[in-house]
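Participant: just need the structure, nothing else, for what follows:
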Amino acid sequence: MSSLQTSPDSAVDATEQQQTMALEVVVIPVADVDRALQFYRGLGWRLDADVTTDPAFRVVQLTPPGSGCSIIFGRGVTTAIPGSSQGLHLIVLDLEKARAELVARGAEVSEPFHDAGGVFHHADDAALVAGVDPERRSYGSFASFLDPDGNRWFLQEIQERLPGR
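Facilitator: Residues are numbered from 1 along each chain as shown. As a prediction, the model looks like this:
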């Protein structure tokens, strides 16, 4: 098994001031805007905006509880194929509690799993192992669910962040 390599902060030239960049919005492709809106609102996500400027353009923005990043979907906002987003991660402190909350809100969430390699989950389910990480390491336990279009979300349990995070 390989070890986790991290980059030291000193990798950035101290003489240059690097601009802050915050990921604030992820655009997800959906086929039916109202169906997606109902699904995400059902999960308890905050509705930030629902704006239609003409019949071909509608922007819906929602934010998961406690998140600094929102999602946007709608009409005329992306050319991506509905359901093609497959690696969306929601970071949670307690995987089982977060999973239970989503199930109670009507989401079909997988049972907890971890990857046989112990680092991150593979794109397919080839190395999927049932249950949380046996050592309950941060970054190692997951559950997943699909929105009505097939966009795949993962819950990832992180109790302790890597240095510098």
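Participant: any chance you could map the strands in the chain?
Facilitator: 25-27, 46-54, 57-63, 70-75, 88-92, 113-115, 128-130, 141-146, 152-157 (DSSP state E).
Participant: helices or strands up against the last one?
Facilitator: For strand 152-157, the contact count by 3 or more CB pairs under 8 Å, 6 or more residues apart in numbering; DSSP states H and E identifies strand 88-92, helix 95-104, strand 141-146 as packing neighbours. Where C-beta positions appear, they are placed from N, C-alpha and C, glycine not excepted.
Participant: quick one, which of the strands of the chain is nearest to residue 36?
Facilitator: In terms of CB to CB, the element of those nearest to residue 36 is strand 70-75, at 5.5 Å.
Participant: which positions in that closest one come out as buried?
Facilitator: Buried residues in strand 70-75, defined by neighbour count with 16 or more other CB atoms under 10 Å: 70-74.
Participant: likewise stretch 142-153?
Facilitator: By neighbour count with 16+ other CB under 10 Å, stretch 142-153 contains the buried residues 142-147, 149, 151, 153.
Participant: quick check: residue 162 vs residue 119, distance?
Facilitator: Distance from residue 162 to residue 119, counting by CB to CB, to the nearest Å: 12 Å.
Participant: what's the answer for residue 27, then?
Facilitator: Taken as CB to CB, the span from residue 27 to residue 119 is 28 Å.
Participant: returning to what we had before: of residue 162 and residue 119, who's got more company?
Facilitator: residue 119 (15 against 10; other CB atoms under 10 Å).
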